[in-house]
Each structure stands twice: as structure tokens, then as C-alpha cells.
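J.: need a 3D model of the following:
(one chain, ligands or ions: 1)
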Amino acid sequence: MEELLFGTAGTPISSKGNDSMSGIARIHELGLSCMEIEFVRGVKMGERTARRVGGLAKQLGIRLSVHAPYYINLNGDGETLLKSKQRIMNSARIGQICGAGSVVIHAGFLQKGTREAAYQKIEKQLSDIKEQLKTEDVYITLRIETMGRSSQFGSLEDVLEITEVEGVSPCFDFSHLHARAGKNNTHDEFASILARVEEKLGRKGLGDMHIHVSGIEYSDKGEKRHLVLAESDFNYRELVRVFSDFDIKGMVICESPNLESDALLLRREYNGFRCKDGTKTESKGLSYP
Ligand SMILES: [Zn+2]
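T.: Residues are numbered from 1 along each chain as shown. Below you'll find the model as predicted:
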């Protein structure tokens, strides 16, 4: 990707309707550049709608990703595992028709076994899913997200290591990484995360980032809920400064409750650092209509 794009998790609040078509049109009006389609409560979009959504996004130059349903546990058994795999594959199939570049996945829970056992199992399931999708000519990237609780598979190391499965990449939810232990909230900590990404995935990894950001409330158990950035302790200014320092590219999806307001805020702050660096920056959509 050529740039770092900013957008929302689902249709912006100020959209005319709550469907994806209205969402994409509104993203365009706001001067934002991308949107994540939320299949978080199930993949309810049909193929025909997906084609229309993909057509509009292409016409308006809006990049898309999709978020798979929350009810997934690739470390589960029986019916849970079967349904989890189906939910991921359905997200991938419809996502690809939409022209989305990736499907974001909450991989599952560590449960009683060791982290190593969970890793082996999740790795095997993802390989199986990729194999099946390949037979259907579905090549969309599967992205495993960093999660906000230590009971979940999704530490920084988990999502970097799982990229050893071909076609699997990370989704970095920086607010989750912060909520996981209350750390990861300073310039140096953000920089060390990106340095680790570069060490594992190279410049190519930094050039193809998929990121979630929001304000966040947490306890010693981790994530409690998402907040508006200004109402949280999340150090988003330093985060976007580090994005600029490392010259990363890809998509930043804002998951704050006020969606587009914080997406625009993040981009404004980021562009501020780009200007100071003397780097060329886009000028469109800096105001909030
Ligand atoms: Zn997520």
C-alpha cells in the first residue's frame, strides 16, 4: 500500500443508513479512505449485495476489510470448532467478493492447556482453512488480531508467530495491547512494538499494516470497553507519531464509540507529524463536515 489510510469500524455514525453502501458513501464524503465491514454478529451479507458494495468502494476509491464474527474459537472442539471455521470461511468468501483485502479474526481462547498447545491447534486450523479457501479461489488475507485479555490467544508474539502460516498476517489492535497489561502506552513502547514487527516481518510487514485504535477502559484482567479517545488514557498522539517515524503503510481502523470523529482526529494528528517531517501529505478532508 502507498499510504497510511484512516477509516472506521463499520458505517460511520453520520451515514444516511446503517448499511455498508451508505457507510462507504459517507466515508468518501468525510474524506476518509477505508472502512472495515463488521460481520461481528454473523455474515448476513449476500453475494449480490457484496458485489454492489465492492463496486461502490472501487468507484469511490475506498479500501475495505471485513471483521469476522466474534463467536470464534479455533482452540475449541466439536461443533464450536466447526462453526468457527465456517464463520471465518464465510467472512472470507463474502469479503473477497466485496474486494476487501483482509478478514480480521479473533482466533480464540487459551483455555486450560498451555499456550503452546493452543498455538499448535490454531495454526493447524488456519492452515486447513487456507487450504479449503484455495480450492475455491479465495485468496483474501486472514489477519489474527492482538486481543485485550490475557485469557485470549492474541499477544504481540502470538500474532507475529502465526504469520508462519502462509496467507496469515497480523492485525495490531494497539488499544488491546495497552489493555492487556496497562503498559504499551508510551512513545518508546510503541516504537519497540514496531521494531519487533520489522524484525519479524521486515519492511514489507511495516508496509502492509492493519491497525485498530480506540480509547479503552481496562482492569487488571484486561479490556473492559471501548471509549472515545479524549475520555481515555490512551496515548494516541504518541502512537501516530511513531506511525510517522516508522513510515508505516496500510489501514488504521478507528473503533471508538464516536467512530468517524476519532478517525478524523487520528488522521489530523498523524498528518501534523507528516508535515513537520517535511513529508508530502494529502490535504483532503481535514475538516469535519
Ligand atoms: Zn476485533
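
J.: so where's the protein shaky on pLDDT?
T.: 1, 277-289 (pLDDT under 70).

J.: all helices of it, in order?
T.: Taking DSSP state H, the helices of the chain run over residues 20-30, 47-60, 78-98, 115-135, 156-161, 174-181, 187-206, 236-245, 260-276.

J.: and K200, how close does it get to R52?
T.: Note on K200: its distance to R52, by C-beta to C-beta, to the nearest Å, is 38 Å. The way it works is simple: take the backbone N, C-alpha and C, and place the C-beta from them, glycine included.

J.: Q132 now?
T.: 26 Å.

J.: swap in R225?
T.: For R225, the distance to R52 - C-beta to C-beta - is 33 Å.

J.: mind putting the helices of the chain into a markdown table with distance to H106 and mean neighbour count?
T.: Listed next are these as a markdown table, based on distance: least, C-beta to C-beta, whole Å; neighbours: other C-beta atoms under 10 Å:
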| stretch | distance to H106 | mean neighbour count |
| --- | --- | --- |
| helix 20-30 | 21 | 22 |
| helix 47-60 | 22 | 16 |
| helix 78-98 | 10 | 19 |
| helix 115-135 | 11 | 16 |
| helix 156-161 | 11 | 19 |
| helix 174-181 | 10 | 24 |
| helix 187-206 | 19 | 15 |
| helix 236-245 | 21 | 21 |
| helix 260-276 | 21 | 20 |
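
J.: can you list contacts of stretch 14-30?
T.: 7-8, 10-12, 33-35, 37, 45, 49, 52-53, 56-57, 60-62, 64, 98, 260, 264, 285, 288-289 (C-beta atoms under 8 Å, 6 or more residues apart in numbering).

J.: try 6 Å this time
T.: 7, 11-12, 35, 37, 53, 56-57, 60, 62, 260 (C-beta atoms under 6 Å, 6 or more residues apart in numbering).

J.: TSV for those, including distance to L156?
T.: Output for the contacts of stretch 14-30, formatted as TSV (distance: C-beta to C-beta, whole Å):
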residue	distance to L156
G7	23
T11	30
P12	29
M35	25
I37	26
V53	32
L56	35
A57	30
L60	34
I62	29
E260	28
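
J.: tally of neighbours for R149?
T.: When counting by other C-beta atoms under 10 Å, one arrives at 17 neighbours for R149.

J.: got the contact list for it?
T.: 222-223.

J.: likewise V168?
T.: So V168 contacts 126, 142, 162 (C-beta under 6 Å, 6+ apart).

J.: repeat the analysis, applying 10 Å as the threshold.
T.: 105, 107, 122-123, 126-127, 129-130, 141-144, 159, 162 (C-beta atoms under 10 Å, 6 or more residues apart in numbering).

J.: closest one of the residues you listed to D188?
T.: Comparing the contacts of V168 against D188 with C-beta to C-beta places V159 closest, at 20.7 Å.

J.: list the buried ones in stretch 5-14?
T.: For stretch 5-14, burial by neighbour count (16 or more other C-beta atoms under 10 Å) applies to 5-12.

J.: compute the first-to-last residue distance for it.
T.: 19 Å (C-alpha to C-alpha, to the nearest Å).

J.: so for D220, which of the helices of the chain sits nearest?
T.: helix 174-181 (8.9 Å).

J.: helices or strands next to that closest one in the packing?
T.: helix 156-161, helix 187-206, strand 209-213, strand 215-219, strand 222-227, helix 236-245 (3 or more C-beta pairs under 10 Å, 6 or more residues apart in numbering; DSSP states H and E).

J.: show me what the last one is packed against.
T.: Applying 3+ C-beta pairs under 10 Å, 6+ apart, we find helix 236-245 packed against strand 4-9, helix 174-181, helix 187-206, strand 209-213, strand 250-254, helix 260-276.

J.: returning to what we had before: reformat the buried residues of stretch 5-14 as TSV; add distance to L177.
T.: What follows is the buried residues of stretch 5-14, written out as TSV (distance: C-beta to C-beta, whole Å):
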residue	distance to L177
L5	21
F6	19
G7	20
T8	20
A9	17
G10	22
T11	26
P12	25
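
J.: tell me which of those is nearest to H187?
T.: Nearest member of the buried residues of stretch 5-14 to H187, counting by C-beta to C-beta, is F6, at 20.1 Å.
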